[in-house]
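1. next come a sequence and a model predicted from it.
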Amino acid sequence: MKNWKKMLVASLACSAVLGLSYSPAEAAYELNPEVKTATPALLEASEIGVLKYENPQMRNYTNKDAIVVASFGTTFKETREKTIEATVRDIQAAHPGVKVVTAFTSHIIIDRIEKNEGKKYPTPEEALTQLKADGYSRIALVSLDVIPGMEYSYVKAVFNEYKEQFKTMTCGTSLMYWQGQEEQSDDVAEFIKAVSSQFPKLGKDEALLLMAHGTPHVSNAYYSVIQAKLDALGYKNVYVYTVEGWPSLEDVVPKLNNANVKTVTLMPIMMVAGDHAHNDMAGKDSDSHKSILESKGFKVNTYLHGLGENKNIRAAFVERANDAWDALQGNKDADADHLKIMK
């Protein structure tokens, strides 16, 4: 990994000056060499990418490793099995013999699944607490989030809350994280390449609308980046819109009219094809996206499959899990694409 050792030495030097026991992130902003007395807040602010913490008080503990895979979850059992559980199986297959635990961040979904199916998924906190009780000392925390938004912030918060309870703990990135600048990998372009395998062939009067979730978090800007890269890669009449963010369906309709589009295919770019896909996007109610577009004269097709059904997307999530795992093992150069630094 380019400049990794230089970044590591600089970070450790800052820690030494402060007399701190601090393990830097695997990928971080490189502080200016003139910074000799970086505060803990500055060091924490520089943590981006795959995070890692090593507890100096537990350095002599025996290594017992586990992976926790965190997802928002869904009450739609069929899509859950085809997406989340299928991805976890792929992660498990990549790490035979390692304990892999699935955790959901939505407490409401956890409760509803337990009530309706009799199956109990733990929260990330519950999973880590149990692993601690079972004697596990090193944990790779993995996210199945598509962008680093509010849910990913939850995962990072769990990492920061629990990291001192383990000998070593790492936290992986979301599916899309790096954007190609400063020698980083371009996760967004890689995502488009992966998901394009399910794109329909479009005629000149047809369009594909990719429905994302949307968020009040600043990471909503990722959708603009996705659109910009779609355009740059030559995908004509392919538009991103969101259920709960910007751009909305209303923002996209004028583009369809300007392009003389007659037929639209709606496709979710969410991990699962759950409530948003079945109801908000493809539902029969008058306020569904399908109904709204039909009322405006468009012929509408729907694609009801979550991202986790796409083997290319699952492979990318396995890569993200591998990044967190390799960091846990101390393999700094295992995946240069996703352990980059910003200079």
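-> Arrived safely. Every value quoted in this text rests on a predicted model; they were computed, and no experiment measured them.
2. so where does residue 293 fall, helix or strand?
-> Assessed by DSSP states H and E, residue 293 sits inside helix 289-295.
3. dump the helix or strand just after that helix to CSV, keeping only the CA atoms.
-> Once the chain leaves helix 289-295, the next helix or strand it forms, by DSSP H and E, is strand 299-302. Only the C-alpha atoms of strand 299-302 are listed here, as CSV (Å, rounded to 0.1, in the frame of the first residue of the first chain):
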residue,chain,number,x,y,z
LYS,A,299,-45.4,2.7,-19.2
VAL,A,300,-43.7,1.2,-16.1
ASN,A,301,-41.8,-2.0,-15.4
THR,A,302,-40.5,-3.0,-12.0
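4. what residues does strand 299-302 touch?
-> Identification of contacts with strand 299-302 by CB atoms under 8 Å, 6 or more residues apart in numbering yields 200, 262, 263, 264, 265, 266, 267, 281, 282, 290, 293, 294. No exception for glycine: its C-beta is placed from N, CA and C like everyone else's.
5. now the buried members of these.
-> In terms of neighbour count (16 or more other CB atoms under 10 Å), the buried residues within the contacts of strand 299-302 are 263, 264, 265, 266, 267, 281, 282, 290, 293.
6. the strand or helix carrying the second one: what's the following helix or strand?
-> In this assignment (DSSP H and E), residue 264 forms part of strand 263-268. Following strand 263-268 in sequence order, the next helix or strand is helix 275 (DSSP H and E).
7. tell me the secondary structure for the residue nearest in space to the middle of the chain?
-> Nearest to the geometric centre of the chain sits residue 174, at 2.3 Å (CA atoms, centre = their mean). When classified by DSSP: H, G, I helix; E, B strand; the rest coil, residue 174 comes out as coil.
8. go on, residue 103?
-> strand.
9. burial count for it?
-> Close neighbours of residue 103, defined as other CB atoms under 10 Å, add up to 23.
10. I'd say residue 95 and residue 67 touch.
-> Yes: with contact defined as CB atoms under 8 Å, residue 95 reaches residue 67; the gap is 6.4 Å.
11. tell me where the stretch 101-250 of the chain has strands.
-> Under the criterion DSSP state E, counting those that start in this stretch, strands of the stretch 101-250 of the chain are mapped to 138-143, 168-171, 206-212, 238-242.
12. what confidence value was assigned to residue 299?
-> On pLDDT, residue 299 comes in at 98.
13. beta partners of residue 102?
-> With beta bridges defined as DSSP bridges, residue 102 has these partners: residue 69.
14. when residue 95 and residue 67 are compared, which one has more neighbours?
-> When neighbours are counted by other CB under 10 Å, residue 95 and residue 67 differ, and residue 67 comes out ahead with 26 against 17.
15. thought the more buried one was touching residue 96?
-> No: with the criterion set as CB under 8 Å, residue 67 and residue 96 do not qualify as a contacting pair; they are 11.9 Å apart.
16. if we can go back for a sec, which one of the strands of the stretch 101-250 of the chain lies nearest to residue 256?
-> Using CB to CB as the criterion, the shortest distance between residue 256 and the strands of the stretch 101-250 of the chain is 5.7 Å, found for strand 206-212.
17. my reading is that residue 53 lies in a helix. Confirm?
-> No: judged by three-state DSSP, residue 53 forms no part of a helix; its state is strand.
18. and it, what does it touch?
-> Shown in contact with residue 53 (CB under 8 Å, 6+ apart): 23, 159, 163, 164, 168, 169, 170.
19. pull out the buried members of those.
-> The neighbour count (16+ other CB under 10 Å) marks 23, 159, 163, 168, 169, 170 as buried among these.
20. quick check: phi and psi on residue 66?
-> Dihedral angles of residue 66 (phi, psi; degrees, to the nearest 10) stand at phi -150, psi 160.
21. ok, so of the contacts of strand 299-302, who is nearest residue 178?
-> residue 267 (24.1 Å).
22. setting aside sequence neighbours, what's the nearest residue to the closest one?
-> Of all residues beyond its chain neighbours, the one nearest residue 267 is residue 303 (4.1 Å), with distances taken as CB to CB, 6 or more residues apart in numbering.
23. contacting residues around that neighbour?
-> Shown in contact with residue 303 (CB under 8 Å, 6+ apart): 198, 200, 265, 266, 267, 268.
24. farthest pair within these?
-> With distance counted by CB to CB, no two of the contacts of residue 303 lie farther apart than 200 and 268, which are 14.1 Å apart.
25. quick one: list the elements packing against the helix or strand that contains residue 87.
-> Counting by DSSP H and E, the secondary-structure element that holds residue 87 is helix 84-94. Taking 3 or more CB pairs under 8 Å, 6 or more residues apart in numbering; DSSP states H and E as contact, the helices and strands that helix 84-94 lies on are strand 65-71, strand 99-104, helix 311-329.
26. buried residues in the very next helix or strand once past the first one, which are they?
-> Secondary structure here is assigned by DSSP H and E; on that basis, the next helix or strand after strand 65-71 toward the C-terminus is helix 77-82. Along helix 77-82, these residues count as buried under the neighbour rule (16+ other CB under 10 Å): 79, 80, 82.
27. distance check, the first one against residue 272.
-> Right, residue 79. For residue 79, the distance to residue 272 (CB to CB, to the nearest Å) stands at 5 Å.
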